[in-house]
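> Structure for the following, please:
(one chain, ligands or ions: 1)
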Amino acid sequence: MAEDALVRFENLGGIGVITIDNPPVNALSPGVPEGIVEAVERGNADPTIKAMVLIGAGRSFIAGADIRQFGTRRPPPVPGTRTHEVLDASAKPVVAAIHGYALGGGLEIALASHYRVAVPSAKVGLPEVLIGILPGSGGTQRLPRLIGPKAAMEMIVSGRHVPAEEAKGLGIIDELVAESADLRQAAIAMARCVADTRPLPRIRDRDDRLADSKTEPGLFDAMRKSIARRARNQKAPYHCIAAVEAACSMPFDEGTQRERELFDELENSAEARALRYAFFAEREVAKLPDIPRETPLRPIETAAIVGAGTMGGGIAMSFAEFGFPVKLLEVSQEALDRGLQRIRSNYETSVRRGSLTEAEMERRLKLIEPVRSFDDIARCDVVVEAVFERIPVKEEVFKKLDEVMKPGALLYTNTSGIDIDIMANATKRPQDVAGTHFFAPANVMKLFEVVKGTKSAPDTLATGMALGRKIGKISAMAGNGDGFVANRSRGPFGIEMNIMIEEGALPEQVDKVMVDFGYPIGPFATADLSGLDIGYDSRQRRTAENPNYRKMPIADLLVESGRLGQKTGAGWFRYEKGDRTPHPDPKVARMIKEKAKELGIEQRSFSDEEILHRLLFASVNEACKILEEGKAYRASDIDVMWLNGFGFPRYRGGLMYWADGIGVPEVYRQIAAWHQRYGERWAPALLLRQLAETGTPLREAKPGRAM
Ligand code: 3HC
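Numbers count the residues shown, from 1 in each chain. Here you go, the predicted structure:
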């Protein structure tokens, strides 16, 4: 086999070393499975080979099937020739040597091998469910035989990556070798050790671990019940359970056949297509068309946050979670103490709930260093300003940062809407300034919007994007402008939900429609959770700036009558003491009715579809305006923002992907009709009209001039 082959075979002293070399992650693209099969057959045919090692070149073992191949026409597999079947039939032992990732089809190959050795940093998993399918190469049949149906189902239904140490405990990995050891040598040594072991340990032949399903017959129904809320509207998680159930009730070959049938039902399902789209959209978003990929990044080893309020504290927690030491600055000792106390109590809640260990809490708290003077942060590589959302306060901080920070330090501002240039122009180094917009709660929400100021240097932006990824976020670039991209595109949704209430819809109806659609929580319940006073204050500010600003009289009335949301036990809904469940409140219905009467707004009923379309089409239209103005690179970036910032159901792909499913001409027709009926706020984006006329999907829209 040639040096540049996808799969290489070497005879190293009687051990056949099979190396998969398909960068970047050794996905099983066409040629790779065939190469592995050929190599295993070659090893079996060569009398000088005693055993084999399967290893990945580069940074990983095998990250799974090539996702780009799904949904394309492929010849059906010839029975008996698939990688896992050929490994099963191998007369000589095969040792899988795992580093980086063994995911999906990659772990399935390792499970069809006879032994598994890994380094501690490796991760294994069957994440197929996350792209709307199930493990289709025997994973649902072998894993339960190896670790029992309960643990297997938990892994398969969650799709989580299991660290090697835990995988060893579960019995997936036979041996761990030190990180510093040469994995290949260690695997070769193991292969020599087991070369003469017969019979070969084949997972397919085991059934001792399947006994759990007999002793706990309600296991599968209990699992179905436990995922009912999270998995609503989806098929894949249920098919995963059915496949494991088949492993427990059928002989191996029949179970594998059942797994294949279930897999085939999913591969082209709407949810699988949407989830594949989301997978690639989240990778595409990292690509910045106007900034060269090779732009050198600035160092970001030492970081500081200015402001220990709710946002600043949440940002500090994000850094600490990923092992970054971070200085947290508040000039007043009292504010600093309050901020630290809030962080500690957030952690303590997680410890109480069991999602964080006490030791991990202490480790993270140690990483957050409270400081009170700007001089204490002067040597940091990066500063994230997270002070009060008022222009003069932020300007003051940037003047101070400009005075003290070392040359080349990155100066980021966390704002949800203030013009980045104002902060940049408060310094003599506007090239080092950009926006980094965290979403509340900052330590939980994945979205991280990097906002480009007029003078932001390319490396300031590229490093901002990398910083977000380092702290576990999904970074997305946005142009500067009111609300940037995410909040601006969400804005009209917020307006329409209020206007529909004036016209006769009830909060509970709107929330039900959106929860049925797939949101984890309805928009009115979300507003209650955040506090209705936030929107109220911003409306007051906007009305003062612009007398034509559309007022929200009912939302204002709630706040003015003391209903601020969950924190006051009443908002759009009412809440029982100590309980977060929203209950419809007849008082709110009455308040709505009376206010609408006073305003002379005619009341009518709404269909669920009208509610859904009113909310989402309004945002699609705004998103088109954003693209038209060149404030976002791609429609798919906006989808990534909605998936990670606003709880849009992932299995629907994102706002724009969903709208493409309805069809741009239909979306345009409806928006144009609402324009006639409701006036200016529904004026269709020019870009939307053009796309409708040319039959071009939103996903293929070319944005306006560069950001
Ligand atoms: N197929 C095709 N391309 C893949 C891929 C896959 N399975 N996994 C990663 N890639 C590509 C990415 O698109 C990206 O391409 P780009 O550079 O052109 O944007 C590149 O590889 C690097 O990927 P990441 O940026 O995601 O790299 P990370 O280091 O951040 O993450 C990873 C690595 C954890 C392996 C992550 O890529 C991942 O989760 N991959 C998908 C794993 C997966 O779902 N495997 C199961 C596939 S389905 C299957 O195996 C079916 C079987 O049961 C029959």
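> C-alpha from now on. contacts and neighbour counts both.
OK.
> Quick check: the gap between residue 571 and residue 110.
Residue 571 sits 54 Å away from residue 110, taking Cα to Cα, to the nearest Å as the criterion.
> Can you name the residues of the stretch 151-300 of the chain sitting close to the ligand?
Listed as neighbours of the ligand in the stretch 151-300 of the chain under the rule Cα under 6 Å from any ligand atom: 280, 283-284.
> do the stretch 1-150 of the chain as well
Residues of the stretch 1-150 of the chain lying near the ligand (Cα under 6 Å from any ligand atom): 24-25, 27, 63-68, 103-105, 127-128, 135-137.
> For ChimeraX, write the select line for the buried members of the residues you listed.
With 16 or more other Cα atoms under 10 Å as the burial test, the buried ones among these are selected in ChimeraX as follows:
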select :25,27,63,64,65,67,103,104,105,127,128,135,136,137
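> Show me which of residue 571 and residue 110 is the more surrounded one.
Neighbours per residue, other Cα atoms under 10 Å: of residue 571 and residue 110, the larger number sits with residue 110, 30 against 27.
> That one is in contact with residue 118, isn't it?
No - using Cα atoms under 8 Å as the test, residue 110 is too far from residue 118 to be in contact (10.7 Å).
> Save the residues of the stretch 151-300 of the chain next to the ligand as CSV, and put in pLDDT too.
CSV is the format used below for those (pLDDT from 0 to 100):
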residue, pLDDT
280, 98
283, 97
284, 97
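> Can you tell me which of the residues you listed comes closest to the ligand?
Ranking those by separation from the ligand, with Cα to the nearest ligand atom as the measure, puts residue 283 on top at 4.9 Å.
> In which helix or strand does that closest one reside?
Element membership for residue 283, per DSSP states H and E: helix 270-284.
> Give me the helices and strands touching that helix, please.
Helices and strands in packing contact with helix 270-284 are listed as helix 635-645; criterion 3 or more Cα pairs under 8 Å, 6 or more residues apart in numbering; DSSP states H and E.
> which residues touch the helix it packs on?
The contact list for helix 635-645, computed with Cα atoms under 8 Å, 6 or more residues apart in numbering, reads 278, 281-282, 284-285, 439, 445-447, 474, 476, 485-486, 623, 627, 632, 648-650, 653-657, 698-701.
> Weed out the non-buried ones from those.
Buried members of the contacts of helix 635-645, counted by 16+ other Cα under 10 Å: 278, 281-282, 285, 439, 445-447, 474, 476, 485-486, 623, 627, 632, 648-650, 653-657, 698, 701.
> What about those residues, which are in helices?
Here DSSP state H is the test, and those give 278, 281-282, 486, 623, 627, 655-657 as lying in helices.
> ok, which pair from those residues is furthest apart?
Among those, the pair separated by the greatest distance (Cα to Cα) is 278 and 627, at 18.9 Å.
> Other residues contacting the lowest-mean-pLDDT helix or strand in the chain?
Taking mean pLDDT, DSSP states H and E as the measure, the helices and strands of the chain show their lowest mean at helix 212-215, namely a mean of 80. Counting contacts by Cα under 8 Å, 6+ apart, the residues outside helix 212-215 that touch it are 148-150, 219, 248.
> tell me which residues in it are buried?
Of the residues in helix 212-215, those with enough neighbours to count as buried (16+ other Cα under 10 Å) are residue 213.
> Most neighbours among the contacts of helix 212-215, please name it.
Of all these, the highest neighbour tally under other Cα under 10 Å goes to residue 149, namely 27 neighbours.
> picking that back up, show the subsequent helix or strand relative to the least confident helix or strand of the chain.
Under the assignment DSSP H and E, the closest C-terminal helix or strand after helix 212-215 is helix 219-227.
> then that next one to PDB, C-alphas only?
Once side chains and other backbone atoms are set aside, the C-alpha atoms of helix 219-227 remain, and they are given as PDB (Å, rounded to 0.1, in the frame of the first residue of the first chain):
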ATOM      1  CA  LEU A 219     -35.900  -0.900  31.700                       C
ATOM      2  CA  PHE A 220     -36.800   0.100  28.200                       C
ATOM      3  CA  ASP A 221     -40.200   1.700  29.000                       C
ATOM      4  CA  ALA A 222     -38.600   3.600  31.900                       C
ATOM      5  CA  MET A 223     -36.000   5.000  29.500                       C
ATOM      6  CA  ARG A 224     -38.600   6.000  27.000                       C
ATOM      7  CA  LYS A 225     -40.500   7.800  29.700                       C
ATOM      8  CA  SER A 226     -37.400   9.500  31.000                       C
ATOM      9  CA  ILE A 227     -36.600  11.100  27.600                       C
END
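> Give the buried residues for that helix.
Going by neighbour count (16+ other Cα under 10 Å), the buried part of helix 219-227 is 219-220, 223-224.
> From the contact counts, what lies against that helix?
Using 3+ Cα pairs under 8 Å, 6+ apart as the contact test, the elements touching helix 219-227 are helix 236-249.
> Try it again at 6 Å.
Helices and strands touching helix 219-227, by 3 or more Cα pairs under 6 Å, 6 or more residues apart in numbering; DSSP states H and E: there are none.
> quick one: terminal-to-terminal distance for stretch 598-605?
Using Cα to Cα, the end-to-end distance of stretch 598-605 comes out at 19 Å.
> Contacts for it next, please.
The set of residues external to stretch 598-605 that reach it, using Cα atoms under 6 Å, 6 or more residues apart in numbering, is 503-504.
> can you count the residues close to the residue nearest to residue 550 when sequence neighbours are not counted?
Among residues not flanking residue 550 along the chain, residue 543 sits closest, at 8.0 Å (Cα to Cα, 6 or more residues apart in numbering). As a burial measure, residue 543 scores 14 neighbours (other Cα under 10 Å).
> Are we agreed that residue 543 is in a helix?
Yes - residue state for residue 543 (DSSP: H, G, I helix; E, B strand; the rest coil) corresponds to a helix.
> quick one: it and the ligand, what's the gap?
From residue 543 over to the ligand the distance is 44 Å, taken as Cα to the nearest ligand atom, to the nearest Å.
> And residue 211, by the same measure?
Looking at residue 211 against the ligand, where the rule is Cα to the nearest ligand atom, the gap reads 25 Å.
> ok, that residue to residue 241 distance?
Residue 211 sits 16 Å away from residue 241 when distances are taken as Cα to Cα.
> For the two, work out which one has more neighbours and name it.
Remark: of residue 211 and residue 241, residue 241 carries more neighbours, 25 against 13, as counted by other Cα under 10 Å.
> which regions of the stretch 1-150 of the chain lie under the pLDDT threshold?
Counting by pLDDT under 70, the stretch 1-150 of the chain contains low-confidence ranges at 1-3.
> Can you name the residue of the stretch 451-600 of the chain nearest the ligand?
The nearest approach of the stretch 451-600 of the chain to the ligand comes at residue 469, 8.9 Å away (Cα to the nearest ligand atom).
> Dig out what the nearest residue to that residue once chain neighbours are set aside forms beta bridges with.
Once its chain neighbours are removed from consideration, residue 469 has its nearest residue in residue 475; the separation is 6.3 Å (Cα to Cα, 6+ apart). Note on residue 475: beta-bridge partners by DSSP bridges are residue 448.
> Please consider this matter closed, and thank you.
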